[in-house]
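K.L.:
Provided below for reference: sequence and predicted model.
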Amino acid sequence: MFMFFNRKFKINEVEPPVDVKEAFVRYSEGGGGGGGGGDGDSTHLSPYQLHQFLVEFQGEERCTVSDAERIVEQVLHRRHHFTHYARRGLTLDDFFHYLFFDDLNGPIKSQVHHDMTAPLPHYFIYTGHNSYLTGNQLSSDCSDVPIIKALQRGVRVIELDLWPDSTKDDIEVIHGRYELIPNPSLLRRQSPSYVFMCCGCAINTFCVYDGDYGNDMSKRNIIYNWNLFYG
């Protein structure tokens, strides 16, 4: 003998958090009445009350009452499209679900609202990576010439990789230690500290302090013991 059992599971929807409830109560009560068509019903949020919420709480100053009416209609249509409601307001659950509709309450607006008339460096920092290399990271030469060119193009952050030299008593500007691929420096015939000085002088000479922003140097110190050089 076989018996079939129908198991019914109750779906518990997420309850609106406290801050959402407080905002709903605040605007459904405070926005009721008063020349915008609110009816003072604290269980529903009218289009006029929703408009107040959008302007005061969300900071959408360009929003109109007509926009709020359209939002209410859209929410009611999506959540109650099988039934026709005479009311024109949102319940707490309607309001809570509205907050998650990206097209009605999106986190990012497509309109530009910041002042975009300033020079480009006011909005972005033009940085350099391995600024001392003349080419690829594996086999190219190290030089202060790429640093000068980068600064002349407007780069504001210059990176130097600092290694101890072969005798471990001086600083060398070089990209890593490669045993199979040589990585010579154009200034190798000079002392390592001279190369470091050339890079520093290039940064000091060609950096441009225009506007409110200066230049920065990022030093990737791969030095085992600074006391070897400055102790």
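P.N.:
Done, it's in.

K.L.:
going forward, measure contacts between C-alpha atoms and count neighbours the same way
P.N.:
Will do.

K.L.:
so what's Lys145 up against?
P.N.:
Careful, residue 145 is Val; it's not Lys. Listed by C-alpha atoms under 8 Å, 6 or more residues apart in numbering, the contact set of Val145 reads Tyr132, Thr134.

K.L.:
list the contacts of whichever strand or helix holds Ile203.
P.N.:
Using DSSP states H and E, the element containing Ile203 is helix 192-206. Helix 192-206 has contacts (C-alpha under 8 Å, 6+ apart) with 132, 143-144, 147-148, 151-152, 158, 165, 170-173, 187-188.

K.L.:
just the buried members of these?
P.N.:
Buried members of these, scored by 16 or more other C-alpha atoms under 10 Å, are 132, 143-144, 147-148, 151, 158, 165, 170-173, 187.

K.L.:
which residues does Asp93 contact?
P.N.:
Applying C-alpha under 8 Å, 6+ apart, the residues contacting Asp93 are Pro16.

K.L.:
list the buried residues in whatever helix or strand it lives in.
P.N.:
Element membership of Asp93 [criterion: DSSP H and E] is helix 92-98. Neighbour counts over helix 92-98 (16+ other C-alpha under 10 Å) mark Leu92, Asp93, Asp94, Phe95, Phe96, Tyr98 as buried.

K.L.:
so, low pLDDT: which residues of this protein?
P.N.:
For the chain, residues meeting the criterion pLDDT under 70 lie at 1-13, 30-41, 81-87, 108-110, 121, 176-195, 208-231.

K.L.:
show me the domain layout of it.
P.N.:
Following automatic domain parsing, one finds the domains of the chain at 18-98, 120-230.

K.L.:
returning to what we had before: and which of the contacts of helix 192-206 is nearest Arg79?
P.N.:
Ile158 (55.3 Å; C-alpha to C-alpha).

K.L.:
the closest one should be in a helix, yeah?
P.N.:
No - according to DSSP: H, G, I helix; E, B strand; the rest coil, Ile158 belongs to no helix; its state is strand.

K.L.:
isn't it up against His129?
P.N.:
Yes - contact between Ile158 and His129 holds when scored by C-alpha atoms under 8 Å: they sit 7.0 Å apart.

K.L.:
what's Phe95 in contact with, if anything?
P.N.:
Phe24, Leu45.

K.L.:
from Arg79, how far off is it?
P.N.:
11 Å (C-alpha to C-alpha, to the nearest Å).

K.L.:
can you pull out the strands in this protein?
P.N.:
157-164, 171-173, 216-221 (DSSP state E).

K.L.:
list just the nearest of the buried ones among the contacts of helix 192-206 to Arg88.
P.N.:
Looking across these and measuring by C-alpha to C-alpha, the closest to Arg88 is Ile158, at 60.0 Å.

K.L.:
how near is that closest one to Arg62?
P.N.:
43 Å.

K.L.:
what does Leu50 give?
P.N.:
Distance from Leu50 to Arg62, by C-alpha to C-alpha: 14 Å.
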